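J.: Sequence first, predicted model second:
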Amino acid sequence: MLLTPNAMGPRLRIGLYFTTALIALFLMLPIVFIVLLSFGSSQWLVFPPPGWTLKWYEQFFSNPEWMASVLTSLKVAVITTICAVALGLPTAFALVRGRFPGRELLYALFTLPMIVPLVIIAVAVYALFLKLGYTGTLFSFVVSHVIVALPFTIISIINSLKLFDQSIEDAAVICGASRMQAVYLVTFPAIRPGMVAGALFAFLVSWDEVVLSVMMASPTLQTLPVKMWTTLRQDLTPVIAVASTLLIGLSILIMVIAAALRRRNEVSA
């Protein structure tokens, strides 16, 4: 039997809230620390900061290398998102509506990158692109990121398709629309929240990816996480905290949008 907060006693309810608050505080502390460090006046990553300043943000946005890494991350993430949705949409339709042998095995295959350790995928992809001569290219970044982002897109779209009543699409066909017209005009609008959520997750996976990106990077082409990693090995400048804060901020924003879309999809269903 599942106990709701109203069904619990006062002490149990207070204990639950207190435990939840402690866990949330434990998870949030590293994020709070890194944000505070980005405003610290010390030239090293020292906590607590001796003073407060915005000069590290000025250095970050005025440095062409940091800006180039941000643009590369955005470019790779956007292309990865488009490719993940373009591949995930027909795959999700096939896995939900298809009737063919091995469908469950195919679903497990597409979700395998979520289970296999990322470093194994990175080594395999790096060996392949090294043999083909594509390491250090935008193409290698996008392909490797699509591999790990595609499962999130497929799962999001599959969940929306399972909640959609296909009889509505069939009714549109009975009224004279072709199957493709019914899918485009009826099904796609209904599953749009799942498609958008899948796209947001794909963007987030690509935006934060570091293991695959380190393998694919070159001295002239680096994403923001790779630039942070290489800089951290040389210097403990607070500019790294600035980059981390920006990564965290965008990631949180995307997660909030994805959660809002998922809730909207559940309510509409």
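T.: Received, thanks. Bear in mind that the values here come from a model prediction, so they are computed numbers and not experimental data.
J.: okay, CA-based contacts and neighbour counts for the rest of this
T.: Noted.
J.: tell me the SS of P30?
T.: Classification of P30 using DSSP: H, G, I helix; E, B strand; the rest coil returns helix.
J.: now swap in M67 and tell me
T.: Classified using three-state DSSP, M67 is helix.
J.: What separation is there between the residue lying closest to it once chain neighbours are set aside and P238?
T.: Excluding its sequence neighbours, the residue lying closest to M67 (C-alpha to C-alpha, 6 or more residues apart in numbering) is F61, at 6.5 Å. Counting by C-alpha to C-alpha, to the nearest Å, the gap from F61 to P238 is 13 Å.
J.: and those two? which has more neighbours close in?
T.: P238 (27 against 16; other C-alpha atoms under 10 Å).
J.: need the contact list for that one.
T.: Going by C-alpha atoms under 8 Å, 6 or more residues apart in numbering, P238 touches 37-38, 40, 42-45, 56.
J.: coming back round to it: with just CA atoms, put the helix or strand hosting the residue nearest to M67 into CSV.
T.: In this assignment (DSSP states H and E), F61 forms part of helix 55-62. Only the C-alpha atoms of helix 55-62 are listed here, as CSV (Å, rounded to 0.1, in the frame of the first residue of the first chain):
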residue,chain,number,x,y,z
LYS,A,55,36.1,39.6,-14.3
TRP,A,56,36.2,35.8,-15.0
TYR,A,57,33.0,36.2,-17.0
GLU,A,58,34.6,39.0,-18.9
GLN,A,59,37.6,36.8,-19.6
PHE,A,60,35.4,33.9,-20.7
PHE,A,61,33.3,35.9,-23.2
SER,A,62,36.3,37.9,-24.5
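J.: List the buried residues for that helix?
T.: 56-57, 60-61 (16 or more other C-alpha atoms under 10 Å).
J.: next one: stretch 110-124
T.: Under 16+ other C-alpha under 10 Å, the buried positions of stretch 110-124 are 110-111, 113, 118, 121-122.
J.: tell me which of those residues is nearest to Y134?
T.: A122 (14.0 Å; C-alpha to C-alpha).
J.: ok so, going back, narrow the contacts of P238 to those that are buried.
T.: 37-38, 40, 42, 45, 56.
J.: Look over the residues you listed and name the one with the lowest pLDDT score.
T.: Scanning those for pLDDT, the smallest score is found at L45, 75.
J.: Give me the secondary structure label for that residue.
T.: Applying three-state DSSP: L45 is coil.
J.: Next one: the residue nearest the centre of the chain relative to L37, how far apart?
T.: Centroid check for the chain by C-alpha atoms, centre = their mean gives L204 as the closest residue, at 2.4 Å. Here L204 is placed at a distance of 24 Å from L37 (C-alpha to C-alpha).
J.: for Y126, same thing?
T.: 34 Å.
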